[in-house]
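**Q** Any chance you can model this:
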Amino acid sequence: MGNFLIATFLPTQPARKPRLWPFLTLALISACLFAFFHLGRWLVAEDPLQNAAAIAVLSGRMPSRTLEAAKVYKQGYAPRVWLTHSTEPGATLSQLSVPYQGEEVYDKLILIHEGVPDSAISILNPPIVNTADEMATIAQALSRANPRRVILVTSKVHTRRTRTLWKQLNGASGEAIVHGVSDDSFDADHWWRNTSDALDVVREVLGLLNAWAGLPLRPAA
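**A** Numbers count the residues shown, from 1 in each chain. Next up is the predicted model:
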């Protein structure tokens with residue numbers, strides 16, 4: 001009887017609440033793993049091809065982008081192909097009296113070899129330093145074209161950043177159709193398996209972060 005009375009008047013212990021942090025940790029880890037494994041696929045953001053004023057070949061990855069531009073041209077999506085040209089390394093080599101033919105020279109030869117008439121190829125000015133400059137140069141040419149639509153040919157991993165930069169910098173200049181190289185070797189589903197794809201993904205993610213932040217990071221002088 002005494003034990004019963006003691007038990008009756010003792011304060012009851014509150015029920016322990018389940019700890020949430022293990023579940024939150026597991027959810028966070030799962031989300032990070034999901035993002036990691038799907039990052040390569042997310043970076044590929046292409047648009048359906050449409051008729052346009054021109055096909056613009058973004059610099060780099062020669063000859064794959066140029067070959068793709070020739071293929072799109074022969075499919076009849078645009079009557080012209082635009083090439084850009086970079087200030088480097090030509091400017092530095094010129095100071096050293098070293099002759100240099102820029103990427104655009106070889107791009108033009110590739111296009112002609114693939115059946116694009118010389119009269120349909122234009123090398124745009126002003127020269128460029130990075131992708132943002134390239135978007136501005138293409139937009140300037142597009143402002144004089146009809147229709148105000150351009151097909152931007154680039155590597156698949158570069159498509160999302162290309163689209164982001166165009167909308168951010170030149171959305172009012174006209175419409176851009178972003179098109180990736182059809183036989184691109186980038187393995188979007190297993191990008192972590194080789195150094196080339198992994199470096200591309202890291203570069204594109206950093207570039208996107210810079211674009212979303214308003215391009216605070218500029219190319220080194």
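
**Q** Where do the strands of this protein begin and end?
**A** Taking DSSP state E, the strands of the chain run over residues 54-57, 81-83, 121-123, 149-154, 175-180.

**Q** Figure out which of these is closest to Val202.
**A** strand 149-154 (17.4 Å; C-beta to C-beta). C-beta: built from backbone N, CA, C; applies to glycine.

**Q** Counting by contacts, list what the closest one packs against.
**A** Secondary-structure packing of strand 149-154 (3 or more C-beta pairs under 8 Å, 6 or more residues apart in numbering; DSSP states H and E): strand 54-57, helix 64-74, helix 131-142, helix 159-170, strand 175-180.

**Q** Tell me which of these sits most buried.
**A** Comparing the helices and strands packed on strand 149-154 by mean neighbour count (mean count of other C-beta atoms under 10 Å), strand 54-57 ranks first with a mean of 29.

**Q** Parallel or antiparallel, which strands does that one pair with?
**A** The strands that strand 54-57 pairs with in its sheet are strand 81-83 (parallel), strand 149-154 (parallel) (by DSSP bridges).

**Q** Tell me, how many residues neighbour Val205?
**A** The burial count assigned to Val205 is 15, neighbours taken as other C-beta atoms under 10 Å.

**Q** Equivalent analysis for Asn125, please.
**A** Residues near Asn125, counting by other C-beta under 10 Å, number 11.

**Q** Please report the distance of it from Ser196.
**A** Distance of Asn125 to Ser196, given as C-beta to C-beta, to the nearest Å: 32 Å.

**Q** Ranking helices and strands of this structure by mean pLDDT, which lands last?
**A** Every helix and strand in the chain was compared by mean pLDDT, DSSP states H and E; the lowest is helix 2-9, with a mean of 51.

**Q** Residue nearest the middle of this protein, spatially speaking?
**A** By C-alpha atoms, centre = their mean, the chain has its centre lying nearest to His158, at 2.6 Å.

**Q** could the strands of the chain go into CSV alongside distance to Val44 and mean pLDDT?
**A** Listed next are the strands of the chain as CSV, based on distance: least, C-beta to C-beta, whole Å; pLDDT from 0 to 100:
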stretch, distance to Val44, mean pLDDT
strand 54-57, 18, 98
strand 81-83, 23, 98
strand 121-123, 28, 97
strand 149-154, 11, 98
strand 175-180, 6, 98
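
**Q** Need the contact partners of stretch 171-184.
**A** Contacting residues not belonging to stretch 171-184 are listed as 44-50, 52, 61, 64-65, 67-68, 71-72, 139-140, 142-143, 145, 147-159, 162-163, 166-167, 170 [C-beta atoms under 8 Å, 6 or more residues apart in numbering].
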